[in-house]
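Novice: I'll drop the sequence and a predicted model, then ask my questions.
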Amino acid sequence: MSENILVVGGGPAGLNAAVMLSELGVNVALVERDSFLGGNPKKFKYKFLFPDMQPADNVIGELIKKAEAGGGIKVYYSSEISDFKENGKKFDVTIKSADGSEKKTFDSVIVATGFEHFDPARDAKYSYQLFDDVIDIKDLERMMGENNFVRPSNGKPPKKVAFILCVGSRDRHVGNQYCSRVCCTVSVKQAIEMREHFPDCEAYIFYMDIRTYGFFEDLYWQAMEEHDVQIVKGRIAEITSGPDNTVICKGEDTLLRGPFEIPFDMVVLASGMEGGPQSPEISSKLGIELDEHGFLKPENITLSPFKSNKPGIFLAGACTGPKAISDSITEGAAAAMNAYTYAVKNR
Amino acid sequence: MEYDENGVSIVPSEFKKEIFEEARKDFRYEEYVRGCLNCGVCTGGCPPHRFFDFSPRIVLQKMKSKDPELIWTMMDEYIWACFQCFTCAMICPFLNSPGGIIAVLREIAVRRGFESAKKVLKPYSRVLLKLTAYGNQLSPDMIQPDFFPDWGPTIGYASTDLAVKRKAIPMPTLQVTNLAWDVAPEAMKELYEIFDEAGVFKIIESVDPSLYEIIQDIVDDVRSS
């Protein structure tokens, strides 16, 4: 008889975990709250992924195809865990979906519930939702994905666009002191993409630091050297409306200009990542720890970042903190290996 | 600030160190001065920054430098350019309060009777007098066209026949013209106790000795009544 493993969440991490486990001959129950697989990259229609501008569908689409191909994976769409009990070293779980409730026993569990994009409307100084032409990186990603890159206010292509980094990250006022890790790289990627496809549209990036870590640094050099992206040091203090249907970014260029007020056709906010409401929910349901940032807390952040504090429950992807899709996929594999080992040992 | 013939500040470095230590020992220091990565949000949102050579980011950075010389350079004019609107504190992602630390530095300047403090407080002597002697700030008889041109064209009418107009207010304590409201002697005595304990009278003595004398005359009168 093969092992039964529960994977909660059908984003990059959960998908990869499920696919790897099924290749090991495990019976996988993949519980997904949405009516589709793919997580946030699918939900918000990410178009190209950094660093190599690979179409998101090549990555996410591939994983979804494998998960939906059958094999050992049973996908529960629009579903959730309604009851969770430990049973010795195993777990008795009730999965609630549109088709009703199903009670099953699992040998181990992988939690890959992911993240939520920070809602920039929570930080009033950016005037998100107040001005149509203030959007965020996920909105722009969707626009690009739908080949509809125009100003929301008048449907015309913008001529000057500002990217503002660290929105909802590294800011004690909104309660997120941490860095969301990927938004710098995503913004730089988007600026390059925009300059490539719309060469007569100027791009500005306003930053406190640019954290295009590791090899992603190449992108930011490329943005300056090959795509003439203006990179200005200074976080934006306020966004107001300007003449001729513009939005004005107000701030201090701490290195060169001093105080500035620059009108733009469109502003793109690099909103960060949050644990979302699902993290505390799954934390209390499964009895696993939550950290001070609102993400799930690994047992040992360095030695076993994919283990929860509870034996038999493993963690993967952005549910333990902001990370890139590639890292989530790696963690999915790591969690799959650990969940499998635990299941085999305790059969 | 005083300089020698070469333009070098003649304030001894020991004194500057003392000023910095006084600020750092203030109970609010730890709360107001935290991390800073020079993002410029505070200065970007700072109203006086648009009019003066003044930047809350520089204030915070100088405090963080812990260099008494740098902090001393702000004690003369710099700290008085701030509007104390606390926009900086409202938007700083680190929860620093440049406006707050400026308040601390200003208090030091006032307590020690620095020239800058005297100069800045001079136009407020009438307000200081009312406030410390009677516990209220602006009285009807202070509203004169010359002092309040921004109150519009009716200011001339508003400043005449004050006694009659105030009688129309149905609260007896407001039917006075030399005060915003009539303050009971008991309340004033309590107020003086508070000012004594908090060192307010001492501060006024150091920044404006003649004003202090006028206030003390009133205080003595009330206390002996």
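Specialist: Done, it's in. Numbering: from 1, shown residues only, chains lettered A, B, ... in the order given.
Novice: surely A:Val93 and A:Val8 touch.
Specialist: No - in this structure, A:Val93 sits apart from A:Val8 without contact. The criterion is CB atoms under 8 Å, and the distance is 9.3 Å. For every residue, glycine as well, the C-beta is placed using N, CA and C.
Novice: the two - which one has more neighbours?
Specialist: Taking other CB atoms under 10 Å in any protein chain shown, A:Val93 and A:Val8 do not tie; A:Val8 has more neighbours (31 against 24).
Novice: which outside residues touch the helix or strand bottoming out on mean pLDDT in chain B?
Specialist: Among the secondary structure pieces of chain B, namely its helices and strands, helix B:155-158 has the lowest mean (mean pLDDT, DSSP states H and E), a mean of 85. Outside of helix B:155-158, the residues within contact range by CB atoms under 8 Å, 6 or more residues apart in numbering or on different chains are B:143-145, B:148-149, B:151.
Novice: could you check which residue of the stretch 1-150 of chain A lies nearest chain B?
Specialist: The shortest separation between the stretch 1-150 of chain A and chain B is 6.2 Å, found at A:Lys125 (distances taken as CB to the nearest CB).
Novice: that residue contacts B:Ile91, correct?
Specialist: Yes - using CB under 8 Å, A:Lys125 and B:Ile91 qualify as a contacting pair, with a distance of 6.2 Å.
Novice: shared neighbours, the two?
Specialist: Shared contacts of A:Lys125 and B:Ile91 (CB under 8 Å, 6+ apart): A:237-238, B:45.
Novice: filter the residues you listed down to the buried ones and hand me the ChimeraX line.
Specialist: In ChimeraX, this line selects whichever of the shared contacts of A:Lys125 and B:Ile91 come out buried by 16 or more other CB atoms under 10 Å in any protein chain shown:
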select /A:237,238 /B:45
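Novice: ok so, going back, tell me what the nearest residue to the residue of the stretch 1-150 of chain A closest to chain B once chain neighbours are set aside is bridged to.
Specialist: Of all residues beyond its chain neighbours, the one nearest A:Lys125 is A:Glu238 (5.1 Å), with distances taken as CB to CB, 6 or more residues apart in numbering or on different chains. Legend: beta-bridge partners of A:Glu238 under DSSP bridges are A:Lys250.
Novice: same deal with the one 4 residues further on?
Specialist: Beta-bridge pairing of A:Gly242 under DSSP bridges involves A:Thr246.
Novice: surely it and A:Pro263 touch.
Specialist: Yes - under the criterion of CB under 8 Å, A:Gly242 makes contact with A:Pro263 at 4.3 Å.
Novice: hey, what's in contact with both of these two?
Specialist: When contacts are counted by CB under 8 Å, 6+ apart, A:Gly242 and A:Pro263 are jointly contacted by A:Ile248.
Novice: check contacts around B:Thr87.
Specialist: Shown in contact with B:Thr87 (CB under 8 Å, 6+ apart): B:42, B:45-47, B:99.
Novice: for ChimeraX, what selects the buried ones among the residues you listed?
Specialist: A single ChimeraX command is used to select the members of the contacts of B:Thr87 judged buried by 16+ other CB under 10 Å:
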select /B:42,45,46,99
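Novice: looking at the contacts of B:Thr87, spot the one nearest chain A.
Specialist: Out of those, the one with the shortest distance to chain A is B:Gly45. That distance is 3.4 Å, counting by CB to the nearest CB.
Novice: what's the spacing between the spatially closest residue to the closest one that is not a sequence neighbour and A:Asn148?
Specialist: Across the structure, with CB to CB, 6+ apart as the measure, the residue nearest B:Gly45 apart from its sequence neighbours is A:Ala237 (3.4 Å). When distances are taken as CB to CB, to the nearest Å, A:Ala237 and A:Asn148 turn out to be 31 Å apart.
Novice: quick one: neighbours of the closest residue to B:Asn136 other than its chain neighbours, just the number.
Specialist: Leaving aside its chain neighbours, B:Asn136 sits nearest to B:Ala180 (4.1 Å; criterion: CB to CB, 6+ apart). Using other CB under 10 Å as the criterion, B:Ala180 is surrounded by 18 other residues.
Novice: assign B:Ala180 to helix, strand or coil.
Specialist: In the three-state summary, B:Ala180 is assigned as coil, counting by DSSP: H, G, I helix; E, B strand; the rest coil.
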